[in-house]
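Participant: I need the structure of the sequence given here:
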Amino acid sequence: MFGSFRWSAMGSGRGSIVLPELTPESAKEYIEEVPSIGYGFLLYP
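Facilitator: This is a model prediction of the structure:
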């Protein structure tokens, strides 16, 4: 599973214009839900 904020200092493989606008709270909810469908994230500090 892949995810990135529009404002990520590391950037991502997609242009920021196509990424949804997420708050840290909504991202946390999404990350917590992903394992329930058998996927996971590799999180960078």
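
Participant: C-alpha from now on. contacts and neighbour counts both.
Facilitator: Will do.

Participant: hey, where'd the strands end up in the protein?
Facilitator: Using DSSP state E, the chain contains no strands.

Participant: all helices of it, in order?
Facilitator: 24-33 (DSSP state H).

Participant: which sections of the protein are below the confidence cut-off?
Facilitator: Counting by pLDDT under 70, the chain has low-confidence residues at 1-3, 8-9, 11, 16, 43-45.

Participant: 80 instead?
Facilitator: 1-20, 22, 41-45 (pLDDT under 80).

Participant: neighbouring contacts of stretch 12-20?
Facilitator: Applying CA atoms under 8 Å, 6 or more residues apart in numbering, the external contacts of stretch 12-20 come out as 4-7.

Participant: If you tally nearby residues, what's the number for residue 32?
Facilitator: 12 (other CA atoms under 10 Å).

Participant: for residue 36, same thing?
Facilitator: 8.

Participant: again with residue 37
Facilitator: What residue 37 shows, counting by other CA under 10 Å, is a neighbour count of 7.

Participant: Buried only: go through the contacts of stretch 12-20 for me.
Facilitator: 4-6 (16 or more other CA atoms under 10 Å).

Participant: of the residues you listed, closest to residue 35?
Facilitator: When the buried ones among the contacts of stretch 12-20 are ranked by distance to residue 35 (CA to CA), residue 4 comes first, at 17.3 Å.

Participant: Return the residue spatially closest to the closest one, with its sequence-adjacent residues excluded.
Facilitator: Among residues not flanking residue 4 along the chain, residue 12 sits closest, at 6.6 Å (CA to CA, 6 or more residues apart in numbering).

Participant: Could you report the distance from that neighbour to residue 5?
Facilitator: 9 Å (CA to CA, to the nearest Å).

Participant: cool, residue 18 as well?
Facilitator: Per CA to CA, residue 18 is found 11 Å from residue 5.

Participant: Equivalent analysis for residue 19, please.
Facilitator: The gap separating residue 19 from residue 5 is 7 Å, by CA to CA.
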